[in-house]
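**Q** Prediction below, plus the sequence it came from.
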Amino acid sequence: PAVPLNDWGDTVQASADWESVPGMGVLDIDGLEAGEQGDLVAGGFLAFGYLTLSALAVGGAVGAVYFRQLEEQRAMLESLEAQMLFLL
């Protein structure tokens with residue numbers, strides 16, 4: 001029969017309790033206890049935070065060097081313009 005796809009999905013979800021099946025969770029890994037799952041997630045957040053801060057620090061250092069070079073180029077250009085005006 002012609003059953004809409006959304007209705008079919010709802011029927012399947014209602015009839016099969018997938019969450020109660022062992023090993024169907026996101027962090028259900030053989031040998032990983034329930035308490036260790038929190039440690040695994042916390043370790044992931046710690047690594048992600050460290051990498052984010054490292055990327056921000058490297059970006060800030062590159063930006064500082066870039067702006068310093070721009071300032072030096074601007075000063076050199078002003079000096080060259082002043083010398084050209086003096087020579088004319």
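**A** Here it is on my side, so go on. Numbering: from 1, shown residues only.
**Q** make it CA atoms for all contacts and neighbour counts henceforth
**A** Fine.
**Q** In this structure, what residue spans correspond to helices?
**A** For the chain, applying DSSP state H gives helices covering 5-15, 34-87.
**Q** least reliable of these going by mean pLDDT?
**A** Out of these, helix 5-15 stands lowest, with a mean of 86 (criterion: mean pLDDT).
**Q** mind giving me a markdown table with the helices of the chain and columns for distance to G23?
**A** What follows is those, written out as a markdown table (distance: least, CA to CA, whole Å):
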| stretch | distance to G23 |
| --- | --- |
| helix 5-15 | 17 |
| helix 34-87 | 12 |
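**Q** what would those look like in a markdown table with distance to G25 and mean neighbour count?
**A** Shown next, in a markdown table, are the helices of the chain (distance: least, CA to CA, whole Å; neighbours: other CA atoms under 10 Å):
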| stretch | distance to G25 | mean neighbour count |
| --- | --- | --- |
| helix 5-15 | 15 | 10 |
| helix 34-87 | 11 | 12 |
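**Q** do you know which of the ones you listed lies nearest P22?
**A** Nearest to P22, of all those, is helix 34-87, at 12.3 Å by CA to CA.
**Q** With S79 as the reference, measure out to E19.
**A** Distance from E19 to S79, counting by CA to CA, to the nearest Å: 72 Å.
**Q** Between the helices of the chain, which one is closest to D28.
**A** helix 34-87 (8.3 Å).
**Q** What is that closest one packed up against?
**A** Counting contacts by 3 or more CA pairs under 8 Å, 6 or more residues apart in numbering; DSSP states H and E, helix 34-87 is packed against no other helix or strand.
**Q** Can you report how many residues neighbour I29?
**A** I29 has 13 neighbours, counted by other CA atoms under 10 Å.
**Q** residues contacting it?
**A** With contact set as CA atoms under 8 Å, 6 or more residues apart in numbering, I29 has these partners: G23.
**Q** Torsion angles phi and psi at it?
**A** Listed backbone geometry of I29 is phi -120, psi 140, with angles given as degrees, to the nearest 10.
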